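Novice: model this:
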Amino acid sequence: MAVLRIFAWILVALALMLLGYDAVSTLDEGIPVITTTAEFMNIAGLELSVPEGGVGKFFLDLPLWTLIGVPGVILTLVFRPVN
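Specialist: So this is what the prediction gives:
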């Protein structure tokens, strides 16, 4: 259980770092900047092609901090310490 709790907190920390990246980019550009999963994959050098209108396209259009943060928060709530 401790390993899953640590993994959940790592996901939350990564999501907060990605949200901070978007905030700094917004301040730098002067307009709202939201980094989608597809943009991050292109930055990382992983080019993905998915059909238009599919579920994969939906997930690639989500902000990456949402895609990582929501499961992290859910896992944090599920694997909290038992008192």
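
Novice: what about R5, distance to V73?
Specialist: Using CB to CB, to the nearest Å, one obtains 13 Å as the distance from R5 to V73. C-beta coordinates here come from the backbone N, C-alpha and C atoms, glycine included.

Novice: List the residues that contact L67.
Specialist: By CB atoms under 8 Å, 6 or more residues apart in numbering, L67 lies in contact with 37, 59.

Novice: same check, this time on L64
Specialist: Residues near L64 by CB under 8 Å, 6+ apart: 18, 35-37, 40.

Novice: so what's it scoring on pLDDT?
Specialist: According to the prediction, L64 has pLDDT 92.

Novice: By residue count, tell me the biggest helix in this protein.
Specialist: Secondary structure of the chain per DSSP state H: the longest helix is helix 2-29.

Novice: buried stuff in that one?
Specialist: Neighbour-count burial for helix 2-29, counted by 16 or more other CB atoms under 10 Å, picks out 8, 11-12, 15, 18-19, 22.

Novice: How about stretch 74-83?
Specialist: Under 16+ other CB under 10 Å, the buried positions of stretch 74-83 are 75-76, 79.
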